[in-house]
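Chemist: What would the 3D arrangement of this be:
(chains A and B)
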Amino acid sequence: AQKVTQAQTEISVVEKEDVTLDCVYETRDTTYYLFWYKQPPSGELVFLIRRNSFDEQNEISGRYSWNFQKSTSSFNFTITASQVVDSAVYFCALSEVNFGNEKLTFGTGTRLTIIP
Amino acid sequence: DAEITQSPRHKITETGRQVTLACHQTWNHNNMFWYRQDLGHGLRLIHYSYGVQDTNKGEVSDGYSVSRSNTEDLPLTLESAASSQTSVYFCASSENPQGDTQYFGPGTRLTVL
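Modeler: Just a heads-up that it's a prediction; the model follows:
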C-alpha cells in the first residue's frame, strides 16, 4: 500500500530564510507520480507541482525548488528567501499508476509559518 | 474559465439527518473525487468516479454515498449524519487517469451537532 510521510508537523522561520519541507513516500510500483499542494489560510488547495517517477531532474520555479531522489524515496520542497505569503500548510501526495487506483494518498501536511 | 465549485460552503446539521454536498465542475473531466480533511490525517479519499454511472469506494466510505448521472456533478450524501463526520470536505477532478493532476474545489465545512 502506498504511504506518504511528512515528519515535520510545524515549521517556523524568519522571513527571507530558506526552508525545506521533507516528504518520504512508500510504494511498490515502478511508475508513480508525486505532487505538492499548498493550502493557505483561506483554505483552498493549490496545485504546485507534479513529478513522474522516471524524471529525477530537480525542478526550480522562482523561489520554489523540488529535489526528487528515488534512492531515498524522497521528494523534498525548498522555499528560498521565504516570504510571509508562503505561510500555509503544504501537502505532499503520491499517485500510483494502476488502473483502478487513480487516487492520491496525502501526507498529513506541514504547517509553515513565516515570521515577519 | 473552467472551474470546480462546491455548495454549500458551510453547513450545520443535526445527528441523524441526511445531508447532500454538491460538487460541480466545468472542466469536462471524467474523474471526480471526494476527500475529507481532518487534523492529523491530511486528506482521505471517500469516494471517486471515473465517469458517468461509475462510482467506487475510497478508504473512508462508510456512511457516505455518491452518484454520477452526468459528467459535471458528483454529489456526496451522508445518509445519517454522525458527529464523527464533522470535517472539511473537498471535491476534486482530473482529466485523465494514470496519475493526472487533481484540481480541488474550495471545500465545504460541515458541522454535525
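Chemist: alpha carbons only for contacts and neighbour counts from here, please
Modeler: Noted.
Chemist: Okay, buried residues for stretch A:14-33 please.
Modeler: A:15, A:19-25, A:32-33 (16 or more other Cα atoms under 10 Å in any protein chain shown).
Chemist: chain center to it: distance?
Modeler: Centre-to-centre, stretch A:14-33 and its host chain are 4 Å apart (Cα atoms, centre = their mean, to the nearest Å).
Chemist: Convert it to PDB, retaining C-alpha atoms only.
Modeler: Taking Å, rounded to 0.1, in the frame of the first residue of the first chain, the C-alpha atoms of stretch A:14-33 are listed here in PDB:
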ATOM      1  CA  VAL A  14      12.000  34.200   9.900                       C
ATOM      2  CA  GLU A  15      11.300  35.900   6.700                       C
ATOM      3  CA  LYS A  16      14.000  35.700   4.000                       C
ATOM      4  CA  GLU A  17      15.300  32.400   5.400                       C
ATOM      5  CA  ASP A  18      15.400  29.300   3.300                       C
ATOM      6  CA  VAL A  19      13.300  26.400   4.400                       C
ATOM      7  CA  THR A  20      13.000  22.700   3.300                       C
ATOM      8  CA  LEU A  21       9.900  20.600   3.700                       C
ATOM      9  CA  ASP A  22      10.500  16.900   3.800                       C
ATOM     10  CA  CYS A  23       8.400  14.200   2.100                       C
ATOM     11  CA  VAL A  24       9.200  10.500   2.200                       C
ATOM     12  CA  TYR A  25       7.000   8.000   0.300                       C
ATOM     13  CA  GLU A  26       6.400   4.300   0.100                       C
ATOM     14  CA  THR A  27       5.200   2.400  -3.000                       C
ATOM     15  CA  ARG A  28       5.700  -0.900  -4.700                       C
ATOM     16  CA  ASP A  29       5.000   0.500  -8.100                       C
ATOM     17  CA  THR A  30       7.800   1.500 -10.500                       C
ATOM     18  CA  THR A  31       5.600   4.100 -12.100                       C
ATOM     19  CA  TYR A  32       4.000   6.700  -9.900                       C
ATOM     20  CA  TYR A  33       3.500  10.400  -9.600                       C
END
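Chemist: Could you find the closest non-adjacent residue to the closest residue to chain B within chain A?
Modeler: Chain B sits closest to residue A:108 of chain A, with a gap of 4.0 Å, by Cα to the nearest Cα. Nearest non-adjacent residue to residue A:108, counting by Cα to Cα, 6 or more residues apart in numbering or on different chains: residue B:42, 4.0 Å away.
Chemist: who's in contact with whichever residue of chain B sits closest to chain A?
Modeler: Chain A sits closest to residue B:42 of chain B, with a gap of 4.0 Å, by Cα to the nearest Cα. Neighbouring residues of residue B:42 by Cα atoms under 8 Å, 6 or more residues apart in numbering or on different chains: A:91, A:106-109.
Chemist: now residue A:87
Modeler: Taking Cα under 8 Å, 6+ apart, one finds A:40-41, A:111-114 in contact with residue A:87.
Chemist: can you check residue B:96 too?
Modeler: With Cα under 8 Å, 6+ apart as the criterion, the residues that contact residue B:96 are B:29-31.
Chemist: For chain A, give me the ranges with low pLDDT.
Modeler: Chain A contains residues with pLDDT under 70 at A:98-102.
Chemist: Could I get the full set of strands for it?
Modeler: A:3-5, A:10-14, A:19-21, A:24-26, A:32-39, A:46-52, A:59-61, A:64-69, A:74-79, A:88-96, A:105-106, A:110-115 (DSSP state E).
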